[in-house]
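Peer 1: Structure here, sequence nowhere to be found:
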């Protein structure tokens, strides 16, 4: 469980959340993070079993109670299609991770390139260089890296592959 918590802290840092909010120490089913300005909040909740549509409603209620701007639901087993539909309907971006996906931090692997979110004000320059968004390689919204970074549709990421032989390789991807 410690490695899962470490990976969740890494996910929060990548998404710009720097501070852990003090909470109820007896409630180990929830972790809350906030950014430096206290304007954004990430709430992580842990499910104890298979998650169905009725099980999602308390999670969504917790997001609303805590005024979260993002949510992560960590599940030990599968999540039903009905539950996924309920999550997608919610206005707050929510990502679902299986325990097994969080045991190892994918962004720390030696073969993982460096990912950097491109600010929206720089999108026009990238589109000009590549003629349009249609020319950029695509990164699916449900890709593990996109979920890890909390990327939404139309976000652009700069991907840098390090090389010990030549200059690093850089390219851009758009989230679809």
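Peer 2: Noted; the coordinates are in hand. Note that the structure is a prediction, hence the values are computed from the model and not measured.

Peer 1: which regions of this protein lie under the pLDDT threshold?
Peer 2: 22-27, 131-133 (pLDDT under 70).

Peer 1: How is residue 96 classified with respect to secondary structure?
Peer 2: State at residue 96, reduced to three classes by DSSP: H, G, I helix; E, B strand; the rest coil: strand.

Peer 1: cool, and residue 84?
Peer 2: Strictly by three-state DSSP, residue 84 counts as helix.

Peer 1: Let me see the contact set for it.
Peer 2: Residue 84 makes contacts with residue 96, as judged by C-beta atoms under 8 Å, 6 or more residues apart in numbering. C-beta here means a position set from N, CA and C on the backbone, and glycine is covered the same way.

Peer 1: Tell me where this structure has helices.
Peer 2: For the chain, the helices defined by DSSP state H occupy 2-14, 53-65, 81-89, 99-102, 123-130, 144-149.

Peer 1: Tabulate the ones you listed in CSV, adding columns for distance to residue 158.
Peer 2: Below are the helices of the chain laid out as CSV (distance: least, C-beta to C-beta, whole Å):
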stretch, distance to residue 158
helix 2-14, 14
helix 53-65, 30
helix 81-89, 27
helix 99-102, 24
helix 123-130, 9
helix 144-149, 12
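
Peer 1: Pick the most deeply packed of these.
Peer 2: Ranked by mean neighbour count, the helices of the chain are led by helix 144-149 with a mean of 19 (mean count of other C-beta atoms under 10 Å).

Peer 1: Name the residue closest to the centre of this structure, please.
Peer 2: In the chain, the residue lying closest to the centroid (C-alpha atoms, centre = their mean) is residue 150, at 2.8 Å.

Peer 1: Kindly tell me how buried the closest residue in space to residue 21 that isn't next to it in sequence is, as a neighbour count.
Peer 2: Distance criterion C-beta to C-beta, 6 or more residues apart in numbering; nearest residue to residue 21, sequence neighbours excluded, is residue 32 at 4.0 Å. Neighbour count for residue 32, taken as other C-beta atoms under 10 Å: 19.

Peer 1: beta partners for residue 32?
Peer 2: residue 43 (DSSP bridges).

Peer 1: between the helices of the chain, which one is nearest to residue 112?
Peer 2: Taking C-beta to C-beta, helix 144-149 is the member of the helices of the chain nearest to residue 112, at 8.2 Å.

Peer 1: Contacts for that closest one, please.
Peer 2: 11, 14-15, 95, 97, 101, 106-107, 115, 117, 139-141, 151, 157, 175.

Peer 1: Can you list phi and psi of the residue nearest to the centre of the chain for me?
Peer 2: phi 70, psi 30 (degrees, to the nearest 10).

Peer 1: Quickly name whichever of the contacts of helix 144-149 is closest to residue 46.
Peer 2: Checking these one by one against residue 46 (C-beta to C-beta), the nearest turns out to be residue 97, at 10.2 Å.
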